[in-house]
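Novice: Return atomic coordinates for the entry below.
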Amino acid sequence: MAKKNISNESKNGKARVTRNSLKAAVPPAGVLRQTDQTGRKVRTGKTGATGIIRETGKNGMIPINGDGKTSKPLLPGKPAKGGNGRKKLPVILITNDDGISAPGIRNLVEAVKGLGKVVVVAPDKPQSGMGHAITIGNPLRLHPMHHLFEGVDAWQCSGTPVDCVKLAVDKVLRRKPDLCLSGINHGANHSINVIYSGTMSAAVEAAIESIPSIGFSLLDYSVEADFSAARKYVRIIVEQILSHPMDKHLILNVNFPAVPDSLIKGIKICRQAYAKYEEDFIERNDPTGKKYYWLTGKFVNFDKGRDTDVWALEHNYVSVVPVQFDMTNYVLKSKLEKTWKS
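Specialist: Have a look, this model is predicted:
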């Protein structure tokens, strides 16, 4: 989520808890859970014991070459079968941070129609920059909005993107979906934006709950943005994910350049660039003479690598960055274990 003149302060009772290859596996993490169990199925499932990206080259891999072309499947996908022997359709949860009425989420729904049973649970208003905020001091409300998407069940939630994922699992689906998609965000979520992004935090929350997830963003803030190329590549990526065994903690951060499909060179698997905002606050006075501030700034890329998401997007590639919610610095951990005395 590129910054959109917003503060990082907590508001309204919301607390901040703030292939070439593709192999993400991370450990379980504690989350807030509803205490009432009435009429609710118990969710079960073991999670992995490790906390770092796997090096086995198996789970969660997407057979997409650096030139953007798909290769032969690395793992022979075997579609799940239902009790009657028919192919079992996956359940796909869709959410976002721009609100349920945003053009981006409508385009995301259209992109994956037919790939599974699609269910939408999204905020009732824009929630950009909320990060991993959760609502703990106010009640949450869900309202059906099935009329918004033809043939798709949809609800709007009064909370944050992370709230949407939690409520979708516990109260709407009453089970874990097979895949969670977040977006398509209006604006970049490359480099440091992944930390602030409500779009990506929804995807991260799903992975914490052992649900493979993908966050999608288009580098265009306009309500009139052209999502046609993004729709095409969303479907390519989601089809690849669904056709292979998925790691339950898979998280992909996908960004699309704001150019026509004819100019997109393909898909690049990238690392997160070292880039940040050099911030400034514009100080003004309101009509009563009291001061207020607008957060502004410019984006600065300090990373000259050609394997980063920023580089890929600047050169008209779709960037795909595997991320994880385990923030442990394992290199530093090893050094400290050798040098620090207990």
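Novice: Which helix in the chain has the most residues?
Specialist: helix 228-242 (DSSP state H).
Novice: Show me what counts as buried in it.
Specialist: By neighbour count with 16 or more other CB atoms under 10 Å, helix 228-242 contains the buried residues 229-231, 233-238, 240-242. In short, each C-beta sits where N, CA and C put it, glycine included.
Novice: With stretch 133-145 instead?
Specialist: Neighbour-count burial for stretch 133-145 flags 133-135, 142, 145 (criterion: 16+ other CB under 10 Å).
Novice: which one among these gets closest to residue 294?
Specialist: Nearest to residue 294 among the buried residues of stretch 133-145 is residue 133, at 20.8 Å by CB to CB.
Novice: I'd say the closest one and residue 196 touch.
Specialist: No: applying CB atoms under 8 Å as the test, residue 133 and residue 196 come out as separate, 10.5 Å apart.
Novice: before we move on, back to that, now tabulate the buried residues of stretch 133-145 in JSON lines and tack on secondary structure, distance to residue 308 and pLDDT.
Specialist: Formatted as JSON lines, the buried residues of stretch 133-145 follow (DSSP: H, G, I helix; E, B strand; the rest coil; distance: CB to CB, whole Å; pLDDT from 0 to 100):
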{"residue": "133", "secondary structure": "coil", "distance to residue 308": "27", "pLDDT": "90"}
{"residue": "134", "secondary structure": "strand", "distance to residue 308": "30", "pLDDT": "92"}
{"residue": "135", "secondary structure": "strand", "distance to residue 308": "34", "pLDDT": "92"}
{"residue": "142", "secondary structure": "strand", "distance to residue 308": "39", "pLDDT": "96"}
{"residue": "145", "secondary structure": "coil", "distance to residue 308": "38", "pLDDT": "96"}
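Novice: Closest one of the buried residues of helix 228-242 to residue 292?
Specialist: Nearest member of the buried residues of helix 228-242 to residue 292, counting by CB to CB, is residue 230, at 35.8 Å.
Novice: OK, contacts around the closest one?
Specialist: Residue 230 makes contacts with 107, 111, 184, 216, 218, 256, as judged by CB atoms under 8 Å, 6 or more residues apart in numbering.
Novice: For stretch 293-311, what is the distance to the chain centroid?
Specialist: With CA atoms, centre = their mean, to the nearest Å as the basis, stretch 293-311 stands 19 Å off its chain's centre.
Novice: got the contact list for it?
Specialist: Contacts for stretch 293-311 (CB under 8 Å, 6+ apart): 2-3, 5-7, 190-191, 253, 255, 270-284, 319, 321.
Novice: pLDDT on it, on average?
Specialist: The average pLDDT within stretch 293-311 is 92.
Novice: For that stretch, which residues meet the burial criterion?
Specialist: Going by 16+ other CB under 10 Å, stretch 293-311 has these buried residues: 295, 299, 301, 303, 308-311.
Novice: what about dumping the CA coordinates of that stretch to CSV?
Specialist: The C-alpha coordinates for stretch 293-311 follow below in CSV (Å, rounded to 0.1, in the frame of the first residue of the first chain):
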residue,chain,number,x,y,z
TYR,A,293,-0.9,18.0,9.8
TRP,A,294,-1.0,16.2,6.5
LEU,A,295,1.4,13.3,6.0
THR,A,296,3.3,13.7,2.7
GLY,A,297,6.6,12.5,1.3
LYS,A,298,8.4,10.9,-1.6
PHE,A,299,9.3,7.3,-2.3
VAL,A,300,13.0,6.6,-2.5
ASN,A,301,14.5,3.4,-3.7
PHE,A,302,17.9,2.7,-2.2
ASP,A,303,18.2,-0.8,-3.8
LYS,A,304,19.9,-1.0,-7.2
GLY,A,305,19.4,-4.8,-7.5
ARG,A,306,17.8,-6.2,-10.7
ASP,A,307,16.0,-8.9,-8.7
THR,A,308,13.7,-6.6,-6.7
ASP,A,309,10.0,-5.9,-7.0
VAL,A,310,10.7,-2.2,-7.7
TRP,A,311,13.1,-3.0,-10.6
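Novice: What is the least confident helix or strand in the protein?
Specialist: When each helix and strand of the chain is scored by mean pLDDT, DSSP states H and E, strand 14-15 comes last, with a mean of 44.
Novice: What segments of this structure are strands?
Specialist: Secondary structure of the chain (DSSP state E): strands at 14-15, 91-95, 117-123, 134-135, 142-144, 153-157, 179-186, 213-218, 251-256, 266-269, 275-285, 291-301, 317-322.
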